[in-house]
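Colleague: Turn this into a structure:
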Amino acid sequence: SLPTDRVSIENGTIVVSCARWPLMIDPQLQGIAWIKKHEEHREIKVVRLGQKGIMQILGTAIENGAPLMIENIQLSIDAVLSPVIGRQTQKRGRSLFVKLGDKEVDYHAKFRLYLQTKLSNPHYPPEIQAETT
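Modeller: Presented below is the predicted three-dimensional model:
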């Protein structure tokens with residue numbers, strides 16, 4: 001669990017209630033452990049950028065409304081993830097879709113994305129900062 005200090009409690013509150021996807025700067029891995037525990041009942045999937053099959057895992061999580069953690073991200077994030085990180089959904093009829101690579105996948109309203117880095121003082125480009133919390 002997270003430490004009980006005020007900052008940790010505030011950060012936990014932000015992570016579970018923010019409008020944008022949380023990007024956790026988590027060099028001591030306390031946040032990632034807390035998220036895994038918090039989302040274990042929803043069977044959170046944890047992946048790394050560059051991992052084999054990541055696009056299929058991400059697509060399945062988006063379609064099924066499952067939580068997904070992309071751990072240990074570095075200073076650059078693959079552009080193919082931009083529509084997902086930016087929640088750039090398109091509506092057709094009653095359904096929402098998001099572009100994922102060269103295909104579109106159904107976007108489930110309960111999908112949750114968590115981004116985590118071990119870097120203690122990262123300097124992300126403005127577009128990443130604008131799309132995450």
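Colleague: Residues touching the lowest-mean-pLDDT helix or strand in the chain, excluding its own?
Modeller: The weakest-scoring helix or strand in the chain, judged by mean pLDDT, DSSP states H and E, is helix 6-17 (a mean of 82). Helix 6-17 has contacts (Cβ atoms under 8 Å, 6 or more residues apart in numbering) with 2, 22, 24, 30-31, 34-35, 38, 114, 133. The C-beta positions use only the backbone N, C-alpha and C, and glycine is treated the same way.
Colleague: those strands in the chain, which residues are they?
Modeller: Secondary structure of the chain, counting by DSSP state E: strands at 23-25, 45-48, 67-71, 89-92, 95-100, 103-106, 112-117.
Colleague: Nearest to S82, out of these?
Modeller: Judged by Cβ to Cβ, the one of the strands of the chain that comes nearest to S82 is strand 95-100, at 9.0 Å.
Colleague: helices or strands up against that closest one?
Modeller: helix 54-64, helix 82-85, strand 89-92, strand 103-106 (3 or more Cβ pairs under 8 Å, 6 or more residues apart in numbering; DSSP states H and E).
Colleague: can you pull the buried residues of the second one?
Modeller: Buried residues in helix 82-85, counting neighbours by 16 or more other Cβ atoms under 10 Å, are found at 83-85.
Colleague: Closest one to I77 out of these, please.
Modeller: In terms of Cβ to Cβ, no member of the buried residues of helix 82-85 lies closer to I77 than I85, at 7.0 Å.
Colleague: For that closest one, give me its contacts.
Modeller: Per Cβ under 8 Å, 6+ apart, neighbours of I85: 21, 77, 113, 115, 128, 131-132.
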